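1. the amino acid sequence is not available; the structure is as follows:
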């Protein structure tokens, strides 16, 4: 299955779409370094800037049609999905009720 995924990735490219969801503090995601780095600012009103480096062969870009959406693309499904997971893991909510 890894070899068939490699062929599919070279032909079609794997794509993950992620949305920035917030209730009160608008999250600001900045793509720098030519699509190799994502900087997340104002997550839950924090001053800390979260910097996530994409893995090798993975590019990230903002969606043109949809507001607050980033698109992660790459030829290797493992690196592409791990890069999406790194973004997700950097924004975990701790010691707060996520329902509010």
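-> Thanks, I have it. Quick caveat: nothing in here was measured; it's all calculated off a predicted structure.
2. the lowest-mean-pLDDT helix or strand in the chain packs against which elements?
-> Every helix and strand in the chain was compared by mean pLDDT, DSSP states H and E; the lowest is helix 2-12, with a mean of 76. Contacts defined by 3 or more CB pairs under 8 Å, 6 or more residues apart in numbering; DSSP states H and E place helix 2-12 against helix 77-90. Where C-beta positions appear, they are placed from N, C-alpha and C, glycine not excepted.
3. so which bits of the helix or strand encompassing residue 61 are buried?
-> Element membership for residue 61 (DSSP states H and E) is strand 58-62. Using 16 or more other CB atoms under 10 Å as the test for burial, strand 58-62 gives 58, 59, 60, 62.
4. for it, what is the average pLDDT?
-> Throughout strand 58-62, pLDDT has a mean value of 91.
5. partner strands of it, parallel or antiparallel?
-> strand 69-74 (antiparallel) (DSSP bridges).
6. now the least confident helix or strand of the chain, how far from the centre of its chain.
-> Between the centre of helix 2-12 and the centre of its chain there are 21 Å (CA atoms, centre = their mean, to the nearest Å).
7. helix, strand or coil for residue 22?
-> coil (DSSP: H, G, I helix; E, B strand; the rest coil).
8. and it, how far is that from residue 60?
-> Using CB to CB, to the nearest Å, residue 22 is found at 19 Å from residue 60.
9. and the contacts of stretch 87-100?
-> With contacts defined as CB atoms under 8 Å, 6 or more residues apart in numbering, stretch 87-100 is touched by 18, 23, 38, 40, 43, 44, 50, 52, 70, 72.
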